[in-house]
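>>> Attaching a predicted model along with its sequence, questions to come.
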Amino acid sequence: MEESKKGNLERECIEELCNREEAREIFENNPETEYFYPKYLSCLASHRAGVFRVAAVTPDSPADLRACVKEISNQCSPLPCHKDGYKDCIDGQAKYTCVCKAGWRGENCEEDINECEDFNGGCSQRCSNFPGSFRCLCEDGYFMHSNKRDCGDINECVLHPNICGTAICKNTQGRYECECPEGYTYNSTSKNCEDIDECAENICAQLCVNSPGSYSCYCDGKKGFKLSKDMKNCESVTECIPLNLEKNYQLLYLAEQFIGIPVLYLKFKLPNVTRFTAEFDFRTYDTEGVILYAESLDNSAWILLALRDGKIEIQFKNEFGTKVTSGGKAINDGLWHIISVEELEHSISVKIAKEAVMSINSPGTLFKQSQGFLETKVYIAGLPRRVGGALVKQINPRLDGCIRAWNLMNQGHSGVNEVIQEKQSKHCLVSVGRGSFYPGTGMAAFQINYDNLDSAEDWLINVTLTIRPSTDTGVMFALVSNETVPLALSIVDSNSSDSQKITVTIGNIIVAQLESKKLCTPRRVQVGLLVTKQELELAVDSHTDRSNSEQLSTLHQAMMANVVTYLGGVPDVPLGATPVTAFYNGCMEVKVNNRQLDLDEAISKHNDIRSHSCPLIMQ
């Protein structure tokens, strides 16, 4: 068809001149004819003589008539399509069709198609559009798969094994993380894990000790606080057994001062009196101690009323010599007994409940009169400091007991009631039972030799406690070496509201523990602790926990040096030396290596601890 058209055009309009009608016959349509003919006349004007028409001649004009005429009917010349967007130009009848490349559209292929607007161009991550096409891109930390659309994670931990330094590399989608153990934070500059000082964040309510990778909160146990269950806050140590702590100022407490000095000092200067007399009610569970000591003004004569093995003992000295006598029944049964000592003409009479138990021959009087007066110094419950070595038979002066209704030298209570009424520490508890009482305010210390003479073992710790706690937290038994606590046996609160734990710690590490519902009850519970350098055994109420922890080596080192034994608490030690610092509150008897400990024999003891009397439970 095109060849036919070109042939007609060649013959009719190039070799010869054609008019408008002839041109219409060639193109067979008006639009193309109307487009062609004006331009045809211009070609004639430019390339054929005799045609009078102004020719538009440009440098790009065709060289001859044939070229000029043929270009008229080619709608694609000059090219109407966008040069970047078109693939082909198709000539038509007075029109053209631009065939667009992929990624272009529009009549002239001039408009870029944004493929990224349609399902993100099929890209799994980022789509970047540019003229005529697009590209899929990956985020940092990803690589492009071979299909040029999907992205895959880069495992930086495998690609760069040392990327985190001393930390642990953890690969994540598109990135990686350098992880440190709990309590450490990552330093990206040094590529090291550095300790977090949690204490700097005031994370603890009271006291905080930072340690590598961790921290520990502590509460001031000596002020009655314990660590709460959240291990950060503090709360008061809880009373679990209320005690009857009623006192009476008419009952004089004989153990006010542990150092053994007298509780009271009285001086008498009496006319028309020649002999010594004393009468009072007495109550104790103690076996030994000084009840009363009296002496002359010049200290040359004296008399001692004491208790030894639970029985009354009399020692005296005058110008005629010295004497020691004991007798009668044991009266350390916790009951009130009327005791009277009376100097007669040739003897000293001792009565219990008005019945004579001793009559001691005494040539001459105990104390001489001076200018018609009998001057005497009387000391209650203790000895003057200078006297101790002058006794006929040495005695431990400390005595846990009470006296009441005293009548010395037939002078009644001698105004003593008024003196002691305002001082609570001199008042006795109205009701007590047998045992030792730790009020939660102090401790006692002993120097004990733990060398094991019966075995090849270097040392042996065999402790038996009989306890009736009144609060749920406190140190019962501890060994202290300098500023360390190589062994501690404590009662601590548990997560249960009706039970407590007995724990054994070496330093600040728990090596054994047992939980029981029978600790904070009216009944007494026996706790046993047996320790050698190889093994530790804790026994509570028929239950046992054994340990051969490596921490025993720490205890062994301490036992090879010097340790002090503490009952009822620990002294001031650095924070973190031991987990429990609260004082024990309650009754407790202690036996160490088959020896019953007597608090009167301690090297030190808080004055509030009662060696041989324990309050009764509040009814």
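On my side now, so go ahead. Numbering: from 1, shown residues only.

>>> mind checking pLDDT for the closest residue to residue 176 other than its chain neighbours?
Excluding its sequence neighbours, the residue lying closest to residue 176 (Cβ to Cβ, 6 or more residues apart in numbering) is residue 156, at 4.2 Å. C-beta here means a position set from N, CA and C on the backbone, and glycine is covered the same way. Residue 156 carries a pLDDT value of 92.

>>> which residues sit in contact with residue 156?
141, 163, 169, 171, 175, 176 (Cβ atoms under 8 Å, 6 or more residues apart in numbering).

>>> ok, now residue 266?
Contacts of residue 266 by Cβ under 8 Å, 6+ apart are 377, 378, 379, 380, 408, 414, 416.

>>> Kindly recompute the last result at 6 Å.
Taking Cβ atoms under 6 Å, 6 or more residues apart in numbering, we find residue 266 in contact with residue 378.

>>> what do you get for residue 490?
475, 503, 580 are the contacts of residue 490 under Cβ under 6 Å, 6+ apart.

>>> Looking at the contacts of residue 156, state which has the most neighbours.
Most neighbours among those, by other Cβ atoms under 10 Å: residue 176, with 21 neighbours.

>>> Any figure for the gap between that residue and residue 472?
49 Å (Cβ to Cβ, to the nearest Å).

>>> With residue 578 instead?
For residue 578 relative to residue 472 (Cβ to Cβ), the value is 18 Å.

>>> burial of the nearest residue to residue 231 once chain neighbours are set aside, as a residue count?
Nearest non-adjacent residue to residue 231, counting by Cβ to Cβ, 6+ apart: residue 217, 5.9 Å away. Per other Cβ under 10 Å, the neighbour tally for residue 217 reads 21.

>>> Where do the helices of the stretch 51-200 of the chain begin and end?
Along the stretch 51-200 of the chain, the stretches classed as helices by DSSP state H, counting those that start in this stretch are 65-72, 156-159.

>>> ugh, wrong one, the stretch 451-600 of the chain
Using DSSP H, counting those that start in this stretch, helices in the stretch 451-600 of the chain cover 552-559.

>>> show me where pLDDT drops low in it?
455-457 (pLDDT under 70).

>>> All the strands of it, residue numbers only.
Assigned by DSSP state E, counting those that start in this stretch, the strands in the stretch 451-600 of the chain fall at 461-469, 474-481, 484-493, 500-506, 509-516, 525-531, 536-540, 543-547, 564-567, 585-592, 595-596.

>>> Following the chain onward from the worst-scoring helix or strand of the chain on mean pLDDT, which element is next?
Here the helix or strand of the chain ranked lowest by mean pLDDT, DSSP states H and E is helix 2-9, holding a mean of 51. Remark: after helix 2-9, the chain's next helix or strand is helix 20-27, criterion DSSP states H and E.

>>> thinking again about what came up before, thought the residue nearest to residue 231 was touching residue 232?
Yes: in this structure residue 217 lies within contact range of residue 232 using Cβ atoms under 6 Å: 5.1 Å.

>>> any low-confidence regions in the stretch 251-400 of the chain?
Within the stretch 251-400 of the chain, the ranges that satisfy pLDDT under 70 run 388.

>>> tell me how far the helix of greatest length in the chain is from the chain's mean position?
Longest helix in the chain, counting residues (DSSP state H): helix 30-47. Taking Cα atoms, centre = their mean, to the nearest Å, the mean C-alpha location of helix 30-47 is offset from the chain mean by 102 Å.

>>> Could you export it as PDB, CA atoms only?
Taking C-alpha atoms only, helix 30-47 is exported to PDB below (Å, rounded to 0.1, in the frame of the first residue of the first chain):
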ATOM      1  CA  ASN A  30      -8.800  15.100   3.600                       C
ATOM      2  CA  PRO A  31      -6.800  15.400   6.800                       C
ATOM      3  CA  GLU A  32      -3.600  14.100   5.200                       C
ATOM      4  CA  THR A  33      -4.300  16.100   2.000                       C
ATOM      5  CA  GLU A  34      -4.800  19.300   3.900                       C
ATOM      6  CA  TYR A  35      -1.600  18.700   5.900                       C
ATOM      7  CA  PHE A  36       0.400  17.800   2.700                       C
ATOM      8  CA  TYR A  37      -0.600  20.300   0.100                       C
ATOM      9  CA  PRO A  38       0.600  23.600   1.700                       C
ATOM     10  CA  LYS A  39       3.900  22.000   2.500                       C
ATOM     11  CA  TYR A  40       4.100  20.700  -1.100                       C
ATOM     12  CA  LEU A  41       3.700  24.200  -2.400                       C
ATOM     13  CA  SER A  42       6.600  25.300  -0.200                       C
ATOM     14  CA  CYS A  43       8.800  22.500  -1.600                       C
ATOM     15  CA  LEU A  44       8.000  23.600  -5.100                       C
ATOM     16  CA  ALA A  45       8.800  27.200  -4.200                       C
ATOM     17  CA  SER A  46      12.200  26.100  -2.900                       C
ATOM     18  CA  HIS A  47      13.200  23.600  -5.500                       C
END
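
>>> In terms of secondary structure, what does it contact?
Helix 30-47 sits against helix 20-27, helix 65-72, with contacts defined as 3 or more Cβ pairs under 6 Å, 6 or more residues apart in numbering; DSSP states H and E.

>>> helices or strands up against the last one?
Same thing as helix 65-72. helix 30-47.

>>> any idea of the angle the helix it packs on forms with helix 20-27?
Going by axes from the mean of the first three to the mean of the last three Cα atoms, to 10 degrees, helix 30-47 is angled at 120 degrees with respect to helix 20-27.

>>> Break this structure down into its domains, please.
2-72, 115-152, 158-195, 198-236, 253-411, 437-615 (automatic domain parsing).

>>> Adding distance to residue 101, write those domains out as TSV.
As requested, those are exported to TSV (distance: least, Cβ to Cβ, whole Å):
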stretch	distance to residue 101
domain 2-72	25
domain 115-152	6
domain 158-195	35
domain 198-236	64
domain 253-411	107
domain 437-615	76
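
>>> how distant is stretch 279-295 from the center of its chain?
Counting by Cα atoms, centre = their mean, stretch 279-295 comes out at 49 Å from the chain centroid.

>>> How about stretch 585-592?
For stretch 585-592 - counting by Cα atoms, centre = their mean - the centre lies 28 Å from the chain centre.

>>> Residue 91 versus residue 20, what's the distance?
21 Å.

>>> before we move on, what about residue 79?
Residue 79 is 11 Å from residue 91, by Cβ to Cβ.

>>> ok, now residue 452?
Distance from residue 452 to residue 91, counting by Cβ to Cβ: 119 Å.

>>> and what of residue 350?
Taken as Cβ to Cβ, the span from residue 350 to residue 91 is 150 Å.

>>> what about these two, which has more around it?
Set residue 350 next to residue 91 and count neighbours by other Cβ under 10 Å: residue 350 wins out with 22 against 14.

>>> Wait, the more buried one touches residue 359, no?
No: the pair residue 350 / residue 359 is not scored as a contact, 7.6 Å apart, by Cβ under 6 Å.

>>> any idea how far the nearest residue to residue 62 once chain neighbours are set aside is from residue 39?
Nearest in space to residue 62, with sequence neighbours left out and distances taken as Cβ to Cβ, 6+ apart, is residue 68 at 3.9 Å. Going from residue 68 to residue 39 by Cβ to Cβ gives 8 Å.

>>> and residue 557, how many neighbours?
Neighbours of residue 557 (other Cβ under 10 Å): 13.

>>> Let me fix that, I meant to ask about residue 319.
Neighbours of residue 319 using other Cβ under 10 Å come to 11.

>>> Enumerate every residue touching residue 412.
Per Cβ under 6 Å, 6+ apart, neighbours of residue 412: none.

>>> tell me which element it is part of?
Using DSSP H and E, no helix or strand contains residue 412.

>>> Report the two members of the contacts of residue 156 separated by the largest distance.
141 and 169 (13.3 Å; Cβ to Cβ).

>>> Now the longest helix of the chain: buried residues?
32, 33, 35, 36, 37, 40, 42, 43, 44, 45, 46, 47 (16 or more other Cβ atoms under 10 Å).

>>> Is it possible to get JSON lines of the residues you listed that adds pLDDT?
Shown next, in JSON lines, are the buried residues of helix 30-47 (pLDDT from 0 to 100):
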{"residue": "32", "pLDDT": "77"}
{"residue": "33", "pLDDT": "81"}
{"residue": "35", "pLDDT": "80"}
{"residue": "36", "pLDDT": "81"}
{"residue": "37", "pLDDT": "84"}
{"residue": "40", "pLDDT": "82"}
{"residue": "42", "pLDDT": "84"}
{"residue": "43", "pLDDT": "85"}
{"residue": "44", "pLDDT": "85"}
{"residue": "45", "pLDDT": "85"}
{"residue": "46", "pLDDT": "82"}
{"residue": "47", "pLDDT": "81"}
